[in-house]
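**Student:** Got a predicted structure here, sequence first:
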Amino acid sequence: MVSIKDIAKKAGVSISTVSYALNGSSKVTDETSAKILAIAKELNYVPNAAARTLKKRETKIIGVFLADFKGDVYGELLDGMKEVCNSQGYDLIVCSGRQSHRMLPERLIDGAVILDHTFTSDELLKYADRNHKIVVLDRELEHPNINQVLLDNKAGATLATEYLVEQGHQKIYVVSGPEGSFDSIQRMKAVKMVADRHSDIEWIEIQGDFKKSGGEKAAEQIMREYTEPVAVFCLNDEMAIGLCNRIADTEFNIGEQIHLIGFDNIELTRYMQPRLATIDYSKRKWGALASEQLIKIISGEKVEHERIYVTLVKGESVGKSSAGSASR
């Protein structure tokens with residue numbers, strides 16, 4: 001690999017002169033600079049990014065760490081991040097897997113947005129102690145170098161479950177996310193608070209996985225136990241779609257025997273028949289705000305934790321329960 005020493009030797013100048021020329025410094029005459037750049041091109045010189053980072057202490061690159069790339073949520077989230085990063089002179093790279101964690105301690109990026117359960121909270125706090133700048137989207141951590149931009153999971157789950165209660169449903173299934181998922185844990189906390197307020201309703205939790213397969217498995221259990229119309233809250237739309245797919249060729253109908261609400265308002269739900277009731281929020285804004293906050297703390301600005309607000313989207317997938325209305 002060609003180094004600036006090789007260029008300096010061929011040009012007959014000092015290493016510092018080569019460095020000035022390569023960085024466009026006015027300390028080198030135009031003639032000398034042109035000569036050095038021509039030699040660098042001839043030798044196919046490629047700057048050492050790691051060495052440059054050590055000297056300048058910045059890469060102008062932000063890393064976003066995701067546990068998974070599947071699902072419609074991530075596309076809009078990344079679009080929002082990229083738009084802000086590019087407007088502020090930063091590039092964005094998307095990372096996944098434990099080996100990529102080293103990009104933070106090795107300072108190959110200026111900061112990180114975390115939506116990745118493979119990072120432990122202790123690991124992130126350790127990096128923050130070493131002055132690495134971090135924004136978390138999937139946990140609550142208090143540290144001067146960590147900012148939280150969290151989805152209002154509890155508000156969303158409360159809206160969803162209260163909506164089912166208001167429609168008079170007396171038996172409500174809740175299909176949760178994978179074990180250890182921050183979003184699932186927060187949403188289930190809200191569900192349990194609503195359930196405590198409505199103890200006359202039968203609540204049944206089914207372990208899910210935030211994938212279509214989780215909704216398909218939940219549908220199997222719901223159909224097997226079916227005796228009367230029921231309501232189902234899937235903690236994300238992917239599982240709600242899986243549930244719909246499974247019952248599509250059965251005698252059950254969404255919005256009649258099975259009343260269904262999801263969470264995320266992904267694009268596909270807008271074209272479903274009946275239209276899926278769900279919880280909406282701006283994924284693009286979530287990503288944009290995460291990037292904005294990270295760039296601010298990188299530049300030394302003080303920032304407050306942020307929350308992404310949610311709204312209820314009603315749909316024909318949830319109807320009134322005639323039995324529930326009569327009993328009330």
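**Tutor:** Looks like it arrived, so ask away. Numbering: from 1, shown residues only.
**Student:** CA only for contacts and neighbour counts going forward, please
**Tutor:** OK.
**Student:** Tell me which other helices or strands the host helix or strand of residue 296 touches.
**Tutor:** Using DSSP states H and E, residue 296 sits in helix 283-298. If you count contacts as 3 or more CA pairs under 8 Å, 6 or more residues apart in numbering; DSSP states H and E, helix 283-298 packs onto helix 72-87, strand 111-115, strand 133-136, strand 146-151.
**Student:** hmm, 7 Å instead?
**Tutor:** helix 72-87, strand 133-136 (3 or more CA pairs under 7 Å, 6 or more residues apart in numbering; DSSP states H and E).
**Student:** Can you lay out those as TSV showing mean pLDDT and mean neighbour count?
**Tutor:** Output for the helices and strands packed on helix 283-298, formatted as TSV (pLDDT from 0 to 100; neighbours: other CA atoms under 10 Å):
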stretch	mean pLDDT	mean neighbour count
helix 72-87	93	18
strand 133-136	98	28
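**Student:** quick one on the thing from earlier: roughly how far out does the helix holding residue 296 sit from the chain middle?
**Tutor:** 12 Å (CA atoms, centre = their mean, to the nearest Å).
**Student:** Name every strand pairing with the next helix or strand after it and say which way it goes.
**Tutor:** Note on helix 283-298: by DSSP H and E, the next helix or strand toward the C-terminus is strand 306-308. Strand 306-308 has the following sheet partners, assigned by DSSP bridges: strand 146-151 (parallel).
**Student:** follow-up on the earlier one: may I see the helices and strands packed on helix 283-298 arranged in TSV, with distance to residue 23 as well?
**Tutor:** Converted to TSV, the helices and strands packed on helix 283-298 look like this (distance: least, CA to CA, whole Å):
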stretch	distance to residue 23
helix 72-87	22
strand 133-136	27
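**Student:** Nearest to residue 226, out of these?
**Tutor:** helix 72-87 (31.2 Å; CA to CA).
**Student:** which ones are touching the residue nearest to residue 305 when sequence neighbours are not counted?
**Tutor:** Distance criterion CA to CA, 6 or more residues apart in numbering; nearest residue to residue 305, sequence neighbours excluded, is residue 148 at 4.9 Å. Residue 148 sits next to 135-137, 140, 305-306 when contact means CA atoms under 7 Å, 6 or more residues apart in numbering.
**Student:** Can you tell me which of those residues is nearest residue 240?
**Tutor:** residue 137 (23.0 Å).
**Student:** How much space separates that closest one from residue 275?
**Tutor:** 29 Å (CA to CA, to the nearest Å).
**Student:** can you give me the strands in the stretch 101-250 of the chain?
**Tutor:** 111-115, 133-136, 146-151, 171-175, 202-206, 230-234 (DSSP state E, counting those that start in this stretch).
**Student:** CSV for those strands, including distance to residue 61?
**Tutor:** Listed next are those as CSV, based on distance: least, CA to CA, whole Å:
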stretch, distance to residue 61
strand 111-115, 8
strand 133-136, 12
strand 146-151, 18
strand 171-175, 38
strand 202-206, 41
strand 230-234, 37
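**Student:** I figured residue 78 hits residue 288, correct?
**Tutor:** No. Residue 78 lies out of contact with residue 288 (CA atoms under 7 Å); the separation is 8.2 Å.
**Student:** Could you count how many residues lie near residue 98?
**Tutor:** For residue 98, the neighbour count with other CA atoms under 10 Å is 12.
**Student:** So for the nearest residue to it once chain neighbours are set aside, what's the pLDDT?
**Tutor:** With sequence-adjacent residues excluded and distances taken as CA to CA, 6+ apart, residue 98 is closest to residue 118, at 6.7 Å. pLDDT, residue 118: 89.
**Student:** quick one, phi/psi of residue 118?
**Tutor:** Phi and psi for residue 118, reported as degrees, to the nearest 10, are phi -70, psi -10.
**Student:** if we can go back for a sec, identify whichever of the strands of the stretch 101-250 of the chain lies nearest to residue 22.
**Tutor:** Across those, residue 22 has its closest neighbour in strand 111-115 (26.3 Å, CA to CA).
**Student:** packing partners for the closest one?
**Tutor:** Under the contact rule (3+ CA pairs under 7 Å, 6+ apart), strand 111-115 is packed against strand 61-66, strand 133-136.
**Student:** Now do the same for the longest one: mean pLDDT, whole number.
**Tutor:** For strand 61-66, mean pLDDT rounds to 96.
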